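[1] Predicted model follows, preceded by the sequence.
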Amino acid sequence: MADLVLKNIQKSYGNHPVIHGLDLHIKSGEFVTLLGPSGCGKTTLLRMIAGLEKIDSGELWIGGKPMQGLPAQKRPIGMVFQSYALFPHMNVKNNITFGLKIQKMEEHAIFSKLDWVIPLLGLEGLENRLPKEISGGQRQRVALARALVLDPEVLLLDEPLSNLDAALRELAMDELKRIHQEVGKTIIYVSHNQAEAMTMSQRIAVLNKGHLEQYAEPMRLYDEPASRFTAEFIGSPIANSYVGKLGTHDGLPVVQTAVGIIRISDRCMGHVSSAPKEIRVCIRPQDIHQLKNQVLTPYCSVFRVLPSLIETPGDRCLVIGKTNSGEAVRFFVDRVHTVVVGEPLDVFVSAEHVHLFNSENGKNILGEQI
Amino acid sequence: MGYIDKGEVAKKIVWTSCVIVMMVGIIAPIYLLLKYAISDPSTVNTGGRPIPIWPNRPTFDMFLYLFKDREFWAVVANSAIIAVSTVALTSFLSVPAGYVLARYNFPLKRFFLILLISVRLFPDISSVIPIATFFVRMNLHSSYLSVVLAHTLLALPYVIFMATTAFEFVPKDIEEQARVIGANRVTIFTKILVPMVFPSLVAGAIYTFLLSWDEFIFAHFLLDTGGQIQTLTLYLNKNLSFSPPQNILAAISVCLSVPVMIFTFIVQRYMVSGVVSGAVK
Ligand SMILES: Nc1ncnc2c1ncn2[C@@H]1O[C@H](COP(=O)(O)OP(=O)(O)OP(=O)(O)O)[C@@H](O)[C@H]1O
Ligand SMILES: [Mg+2]
């Protein structure tokens, strides 16, 4: 079992704090992504796990063993750098076997490792090439192979796909998922690309300015964001966001916004009085639908918008409209001909998709219920 | 496309002429040297008229004469011993120094760098006196060691600078990756860093070799003119004072220059090879 546990990890560079008391529990064999905007401390966290950076305070456990004071070369981890960091003077084979030779592994054992990893990563025929003689995608696979042959308990990947073009990146994502399934290693993957993280990971740790915003399965992050930051960072395009006031309407919990009165989940009932007056309302464009002849549940709220701009990136189009009060509403519709710029239409949103956050600290008002 | 940019053409012409002038400047003395070295002694004294572009009766007699002289071989051996030792000592000192300067920041680093290069801020002729005096006091005068140390002093600033630049080019990621893989410091240094900066180290070694091989002033002051140990440059100087036929001197000069040219040629080949490419990104 190689659970990885971080307890109250703190890190500062000089007197500039980068990680503020972070707790994380990664289960053995899990594929976890550290996701967050540039500069939020992902690489720093990964480097602390690897032993390349000192942990100021807190505890790090891998497989039940404390890692404090253990130098990088003694930790049961493999790492693939964002830059791949292949040894340029060694060919592919020697790059992959460098660590094995350090361990003084016997020749035949090294060969059987090579026989296993080279087909696994599709590196056949490249064994004798230098890093400068192979493509970016191949380099990434060599770096991965070099980490895998050492059989680490935890594999750390720092944005390994960021240097690849879109097509290659999709391939590499599938490849990584397949490899994870085959080798069953604990993988910690760093990314600032939310689509990449959502596709690949079993759980995502959303980081913001050195704080853990939320740690949950991808769909959970999407459907029940714990903070306004997560709601806006996960999902694309960015969620609609309004200022609102909690209250009741005909005895039902609602939020009053410039868009209109929006019905909210019954779970919020308890907060209607206790919550602060002003509150932040986020609704994903994907959760607002055009009203045609659907039968609406009592949980749905309808409002009228005037489309002002229609973007057609693919099979769906993004409509940007305005309500009477002038608030912008972004939502998706299926077919372009049903919406015309300047012709008002009705849209609706269901209560479970209306996310409510405390205006001051950005936390979901449902708090621990999430 | 049929369109000719006049500015481009003019630029090309200027460049080409510059290169030709430079080539002539470089090749002409070498050519003159060779011409004298293979001329028959009787054809050298022409009473003021220049000897023809191609000597009348080319001959290798001068070289044969030199190669039969035992003293010549002794001084070649001395020069080689001194040069090789200088290279060894310089490399030994400059590799770790370059690494530390490239990777660590320590107080007074700039001051240290200036101190290092300060020997070369003065003309050799002005630094040679104190250094020679110092070696006399240390009882090192007229020894291989004195010349080797002096030449090392001359070569170190540049060679350390070259090594520092080379180590700076090695991405930190590579070192850290090696650590994560399980390599200790010694392994990282010998298996990763040194091989990666090897071309620069070779270039530095060759620079040092040439510097030592050609060096006259320090050798002259540190080795007595009549002393046991003589170098090729001192041998040339001694022969000059006997005013022998010019073509003997020319032949000695050729012997001095040939290694220089060969090594320069090799340096260039190593300088261009970009070993670091493909490591990161
Ligand atoms: N060696 C260092 N010295 C001082 N500050 C540093 C150092 N390394 C990182 N930082 C700072 O720490 C913060 C976190 O950096 P980090 O590299 O972990 O970000 P990141 O999340 O990996 O970002 P990116 O997505 O751009 O790679 C940044 O504000 C950065 O400026
Ligand atoms: Mg980073």
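    Here it is on my side, so go on. For clarity, every value in this text was computed on a predicted model and none was experimentally measured. Ligands and ions are numbered 1, 2, ... in the order given.
[2] which element is the nearest residue to A:Met105 once chain neighbours are set aside on?
    Closest residue to A:Met105 apart from its sequence neighbours, by C-beta to C-beta, 6 or more residues apart in numbering or on different chains: A:Lys113 at 7.7 Å. The way it works is simple: take the backbone N, C-alpha and C, and place the C-beta from them, glycine included. Per DSSP states H and E, A:Lys113 falls inside helix A:107-120.
[3] How far away from the center of its chain is that helix?
    Distance, stretch centre to chain centre, for helix A:107-120: 33 Å (C-alpha atoms, centre = their mean, to the nearest Å).
[4] Same question for stretch A:74-86.
    Offset of stretch A:74-86 from its chain centre (C-alpha atoms, centre = their mean): 21 Å.
[5] how about that stretch, does it reach ligand 1?
    No - counting by C-beta under 6 Å from any ligand atom, ligand 1 is not contacted by stretch A:74-86; separation bottoms out at 7.2 Å.
[6] so does that stretch get close to chain B?
    Yes - Stretch A:74-86 lies within reach of chain B by C-beta under 8 Å from any C-beta of the partner chain, at A:74-75, A:77-79, A:81, A:83-86.
[7] Where does chain A get nearest to chain B, residue-wise?
    Closest residue of chain A to chain B, C-beta to the nearest C-beta: A:Lys132 (2.7 Å).
[8] and B:Pro107, which of the three is it?
    Assigned by DSSP: H, G, I helix; E, B strand; the rest coil, the conformation of B:Pro107 is coil.
[9] Which neighbouring residues are in contact with A:His353, exactly?
    Counting by C-beta atoms under 8 Å, 6 or more residues apart in numbering or on different chains, A:His353 touches A:223, A:283-284, A:287.
[10] Please repeat the previous calculation with a cut-off of 10 Å.
    Contacts of A:His353 were listed using C-beta atoms under 10 Å, 6 or more residues apart in numbering or on different chains, and they are A:223, A:239, A:264-265, A:282-284, A:286-289, A:299-300.
[11] go on, A:Leu366?
    Contacts for A:Leu366 were tallied using C-beta under 10 Å, 6+ apart; they are A:224, A:226, A:265, A:267-268, A:270-271, A:355-357.
[12] cool, and A:Ile96?
    Contacts of A:Ile96 were listed using C-beta under 10 Å, 6+ apart, and they are A:86, A:90, A:110, A:113-114, A:117-118, A:121, A:123, A:127, A:142-150.
[13] what's the weakest-modelled helix or strand in the chain?
    With no chain named, the answer covers chain A. None of the helices or strands of chain A scores lower by mean pLDDT, DSSP states H and E than helix A:271-274, at a mean of 72.
[14] My question was about chain B, not that one.
    Per-SSE averages on chain B (mean pLDDT, DSSP H and E): minimum helix B:41-44, a mean of 68.
[15] C-terminal to that helix, what's the next element?
    Using DSSP H and E, the next helix or strand after helix B:41-44 towards the C-terminus is helix B:61-68.
[16] Kindly report the residues of the stretch 51-200 of chain B close to ligand 1.
    Where proximity means C-beta under 6 Å from any ligand atom, the stretch 51-200 of chain B presents no interface facing ligand 1.
[17] all strands of the stretch 51-200 of chain B, in order?
    Counting by DSSP state E, counting those that start in this stretch, the stretch 51-200 of chain B has no strands at all.
[18] can you pull the contacts of the residue of chain B found nearest ligand 1?
    Here chain B gets closest to ligand 1 at one residue, B:Lys172, 10.2 Å apart by C-beta to the nearest ligand atom. Taking C-beta under 10 Å, 6+ apart, we find B:Lys172 in contact with A:52, A:81, A:83, A:85, B:103, B:280.
[19] what number of residues lie near the second one?
    Meaning A:Phe81. Neighbourhood size, A:Phe81 [other C-beta atoms under 10 Å in any protein chain shown]: 26.
[20] got a list of what it touches?
    Contact partners of A:Phe81, counting by C-beta under 10 Å, 6+ apart, are A:43, A:46-47, A:50, A:143, A:147, A:156-160, B:171-174, B:176-177, B:180, B:280.
[21] What of the first one?
    Applying C-beta under 10 Å, 6+ apart, one finds that A:Leu52 lies in contact with A:43-44, A:46, A:71-72, A:75, A:79, A:156, B:172-173, B:175-177, B:179-180.
[22] So among those residues, which ones count as buried?
    Buried positions within the contacts of A:Leu52, assessed by neighbour count (16 or more other C-beta atoms under 10 Å in any protein chain shown), are A:43-44, A:46, A:72, A:75, A:79, A:156, B:173, B:175-177, B:179-180.
[23] if we can go back for a sec, which of the contacts of A:Ile96 count as buried?
    Of the contacts of A:Ile96, these count as buried by 16+ other C-beta under 10 Å: A:86, A:90, A:110, A:113-114, A:117-118, A:121, A:123, A:142-150.
[24] Which parts of the stretch 151-300 of chain A are helices?
    Per DSSP state H, counting those that start in this stretch, the stretch 151-300 of chain A carries helices over the ranges A:166-183, A:194-200, A:218-223, A:228-233, A:271-274.
[25] Please work out which of those is packed deepest.
    Highest mean neighbour count among the helices of the stretch 151-300 of chain A (mean count of other C-beta atoms under 10 Å in any protein chain shown): helix A:228-233, with a mean of 23.
[26] for the record, mean pLDDT for that helix?
    Averaged over helix A:228-233, pLDDT sits at 92.
[27] Need the contact partners of that helix.
    Defining contact as C-beta under 10 Å, 6+ apart, one finds that helix A:228-233 is touched by A:35-37, A:192, A:194, A:204, A:206-209, A:211, A:213-214, A:216, A:221-222, A:224-225, A:227, A:238-239, A:241, A:280-284, A:355-359, A:361-364.
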